[in-house]
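> generate coordinates for the sequence data below:
(chains A and B)
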Amino acid sequence: AQSVSQHNHHVILSEAASLELGCNYSYGGTVNLFWYVQYPGQHLQLLLKYFSGDPLVKGIKGFEAEFIKSKFSFNLRKPSVQWSDTAEYFCALRNTGGFKTIFGAGTRLFVKA
Amino acid sequence: DSGVTQTPKHLITATGQRVTLRCSPRSGDLSVYWYQQSLDQGLQFLIQYYNGEERAKGNILERFSAQQFPDLHSELNLSSLELGDSALYFCASSVEASPGELFFGEGSRLTVL
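Here you go, the predicted structure:
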């Protein structure tokens, strides 16, 4: 069975601090990986995705994630967060060619101005 | 605006009742997904439809059912409601059955008293 685990449920950072949100998954086959973000009062939207190729993926708003196959991880990073990054972040997985996308429990990030 | 419309936005009902949540996908999207987000839970995949046919099923209770109509809108029916069914129900859509990206609605918040 597929599963996604996000290590931190709540993260509080000051502006300009670096961010790393952990994501590990469980699945034995080939996967597609995603990070979605939900800003307060808004719908979930895609930040970035990994299908194949370069394991370092760049997304919108300065976010990036690195796929490390040996560690079953897909951590999200941003070198310098802003107050506007306050949101909930979801890591998600779909087995290649599969239909359902499985989400982690989410990490709520609060950035202090 | 993702283009996915969910109604109602908020719904309060009593235990034992039945409710219907509605989702209109983005124009051109053939696939509709339903997710449940409970307190401190991630997005739990419920069910997926593609062009009117059920494609994938998650942890959907027998008291819940869904369908996708010829005009591609979808409805999620929740019956014999229990307190634990209180949650945010998200609908998402995509063009293809095995999607690169899901487009989410803003959710329907169900409160069961």
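
> next, name the residue at the spatial heart of chain B.
B:Trp34 (3.3 Å; Cα atoms, centre = their mean).

> report the secondary structure state of the closest residue to that one other than its chain neighbours.
Excluding the flanking residues, the one nearest B:Trp34 by Cβ to Cβ, 6 or more residues apart in numbering or on different chains is B:Leu46, at 4.2 Å. The way it works is simple: take the backbone N, C-alpha and C, and place the C-beta from them, glycine included. Assigned by DSSP: H, G, I helix; E, B strand; the rest coil, the conformation of B:Leu46 is strand.

> in stretch A:90-105, what's buried?
A:90-95, A:98-105 (16 or more other Cβ atoms under 10 Å in any protein chain shown).

> that one spans what distance, first to last residue?
Across stretch A:90-105, the terminal residues are separated by 7 Å (Cα to Cα, to the nearest Å).

> tell me which parts of chain B are close to chain A?
Near chain A, the residues belonging to chain B are B:2, B:4, B:33, B:35, B:40-45, B:48, B:50, B:55-56, B:58, B:90, B:92, B:97-102, B:104-107 when assessed by Cβ under 8 Å from any Cβ of the partner chain.

> quick one: mean pLDDT over the helix or strand A:Val4 falls within.
In the assignment (DSSP states H and E), A:Val4 maps to strand A:3-6. Mean per-residue pLDDT for strand A:3-6: 93.

> just the buried residues of the helix or strand following it, please?
Next helix or strand after strand A:3-6 toward the C-terminus (DSSP H and E): strand A:10-14. For strand A:10-14, the neighbour count (16+ other Cβ under 10 Å) marks A:Val11, A:Leu13 as buried.

> parallel or antiparallel, list what pairs with strand A:10-14.
Using DSSP bridges, strand A:10-14 pairs in its sheet with strand A:107-112 (parallel).

> give the bridge partners for the residue nearest to the spatial centre of chain A, please.
Nearest to the mean C-alpha position of chain A, by Cα atoms, centre = their mean, lies A:Trp35 at 3.6 Å. Beta-bridge pairing for A:Trp35 (DSSP bridges): A:Leu48, A:Cys91.
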